[in-house]
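[1] Build me a structure from this.
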Amino acid sequence: MKRHSLKVLAGLLLSAGLTTPALAADPAVAKLKPKDFPNQPIEYTVVYPAGGGMDVTARLLAKYVEKVSGDKILVNNRTGGGGMVGHTFLATQAKNDGYTVGIVANLLWGDAILRAQGKWSLADLEPIGYINSDALIWLVQGEGALKGKSLKEIMQIAKDKPNTIRIATVPGTMWEYLVEQIEANTGAKFLRVPFQGGGAGINALAGGNVDLAQGFVAEFRGLAEAGKVAPVAVAANARLPHLKNLPTFNEQLGAKEYTWQVVRYAVVPKGTAADRKAYLSAAISTAMKDAELIAEYSKAGVFFDDALMKSTNVARDINAYAESERAFYLKTGRVK
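    Predicted coordinates for the structure are as follows:
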């Protein structure tokens, strides 16, 4: 009778969403599950506001990690300082007990190298899984003054009438670096309007508060479908498979250097126990093999770096990308 009552109670809890069925766990992931871990929800920390590309990435990943692990994943946005608040939390304040996983991007590298002032470094966070990549896209208002204009035409206006075109930026990130790069190479001058993340800038564009915005497909798809915004160019090496009609900056400006892409991945604080780190990593890598998740991400407009998808040492390979970005900072004099 007691056993029957427990089974009924478990069923009620499950139907109420208060527990997760153990049978949902993938056998390979379950095999790595440490003793007594986790016994509470795991937090996926996002350092940018809700609704942006990073937030969408984290929430989709959490859904499928729950599916393969049977664990409860909570997504928490710790925002401020263009990502610096959340990055600092992950590197200096988050406990290394496995219950905090940062869902970050290569924007972290800029903070660690340029803005942390030696208080923390990339070595304080350990990569445990690659997620996806994205390329920065410039947008205009669907019915604004720049509607239908090419990137070249926009550059000419910004050159002839400096500081009259308002562009949304995220200070200390590729959003700002791309604008700097274009201004230095073309002589165009934009009036920069700072935001905490790309999504906020895109919303400002839709509302007519800026003339240009920058962001990713997941952040503007709905607004584009509604005719509120329209993409102009993508900062990728080549046209994206899902946006074949959208030219690259390099195409339109006859250059090679306009490549600004996001590499999204998961980290844990340095010193996280090896067995917990291995378990968290396995849950992410297994979720990333789910065809449904790949389809959802692809629908959001991202792409997948083949080398990182097949990596046997994701920490090493992601850190190699970070060193490449550091070289850019050295070249531009940001780092001595």
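
[2] Now do the helices in this structure.
    Using DSSP state H, the helices of the chain run over 2-15, 27-31, 53-69, 84-88, 107-110, 151-160, 174-186, 198-206, 217-225, 249-253, 274-287, 291-299, 306-309, 314-331.

[3] Lowest average confidence across the ones you listed, which one?
    Between the helices of the chain, the lowest average pLDDT goes to helix 2-15, which shows a mean of 41.

[4] Looking at the helices of the chain, which is nearest to residue 234?
    For these, proximity to residue 234 was assessed by C-beta to C-beta; helix 249-253 is nearest, at 7.2 Å. Bear in mind the C-beta positions are built from the backbone N, C-alpha and C, glycine included.

[5] now for that closest one, which elements pack on it?
    Packing contacts for helix 249-253, counted by 3 or more C-beta pairs under 8 Å, 6 or more residues apart in numbering; DSSP states H and E, involve helix 151-160, helix 174-186, strand 229-234.

[6] re the thing from before, so can I have JSON lines of the helices of the chain showing mean neighbour count and distance to residue 123?
    Output for those, formatted as JSON lines (neighbours: other C-beta atoms under 10 Å; distance: least, C-beta to C-beta, whole Å):
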{"stretch": "helix 2-15", "mean neighbour count": "10", "distance to residue 123": "42"}
{"stretch": "helix 27-31", "mean neighbour count": "14", "distance to residue 123": "28"}
{"stretch": "helix 53-69", "mean neighbour count": "23", "distance to residue 123": "22"}
{"stretch": "helix 84-88", "mean neighbour count": "22", "distance to residue 123": "13"}
{"stretch": "helix 107-110", "mean neighbour count": "25", "distance to residue 123": "12"}
{"stretch": "helix 151-160", "mean neighbour count": "17", "distance to residue 123": "39"}
{"stretch": "helix 174-186", "mean neighbour count": "18", "distance to residue 123": "22"}
{"stretch": "helix 198-206", "mean neighbour count": "24", "distance to residue 123": "28"}
{"stretch": "helix 217-225", "mean neighbour count": "19", "distance to residue 123": "30"}
{"stretch": "helix 249-253", "mean neighbour count": "19", "distance to residue 123": "33"}
{"stretch": "helix 274-287", "mean neighbour count": "21", "distance to residue 123": "15"}
{"stretch": "helix 291-299", "mean neighbour count": "15", "distance to residue 123": "29"}
{"stretch": "helix 306-309", "mean neighbour count": "14", "distance to residue 123": "20"}
{"stretch": "helix 314-331", "mean neighbour count": "15", "distance to residue 123": "9"}
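
[7] Among those helices, which comes closest to residue 238?
    Here helix 249-253 is closest among the helices of the chain (C-beta to C-beta), at 8.8 Å.

[8] From the chain's centroid, how far away is that closest one?
    24 Å (C-alpha atoms, centre = their mean, to the nearest Å).

[9] next one: stretch 302-321
    For stretch 302-321, the separation from the chain centroid amounts to 15 Å (computed by C-alpha atoms, centre = their mean).

[10] Could you dump the helices of the chain into TSV with distance to residue 143 added?
    Listed next are the helices of the chain as TSV, based on distance: least, C-beta to C-beta, whole Å:
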stretch	distance to residue 143
helix 2-15	48
helix 27-31	49
helix 53-69	24
helix 84-88	35
helix 107-110	31
helix 151-160	16
helix 174-186	24
helix 198-206	10
helix 217-225	12
helix 249-253	22
helix 274-287	40
helix 291-299	26
helix 306-309	39
helix 314-331	37
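
[11] Residue 119: which of the ones you listed is closest?
    Ranking the helices of the chain by proximity to residue 119 (C-beta to C-beta) places helix 84-88 first, at 7.3 Å.

[12] Pull the closest one out as CSV, backbone CA atoms only.
    Taking Å, rounded to 0.1, in the frame of the first residue of the first chain, the C-alpha atoms of helix 84-88 are listed here in CSV:
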residue,chain,number,x,y,z
MET,A,84,31.2,42.4,-17.7
VAL,A,85,29.0,41.9,-14.6
GLY,A,86,28.1,38.3,-15.6
HIS,A,87,31.6,37.4,-16.7
THR,A,88,33.1,38.7,-13.5
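
[13] helices or strands up against that helix?
    With contacts taken as 3+ C-beta pairs under 8 Å, 6+ apart, helix 84-88 sits against strand 100-105.

[14] quick one: contacts of the strand it packs on?
    Residues outside strand 100-105 that contact it (C-beta atoms under 8 Å, 6 or more residues apart in numbering) are 42-47, 54, 57-58, 61, 75, 86-87, 90, 94, 125, 128, 131, 262-269, 280.

[15] Hey, what's the angle from that strand to helix 174-186? Just curious.
    Between strand 100-105 and helix 174-186, the angle comes out at 20 degrees (axes from the mean of the first three to the mean of the last three C-alpha atoms, to 10 degrees).

[16] Partner strands of strand 100-105 and their direction?
    According to DSSP bridges, strand 100-105 forms sheet pairs with strand 42-46 (parallel), strand 261-269 (antiparallel).
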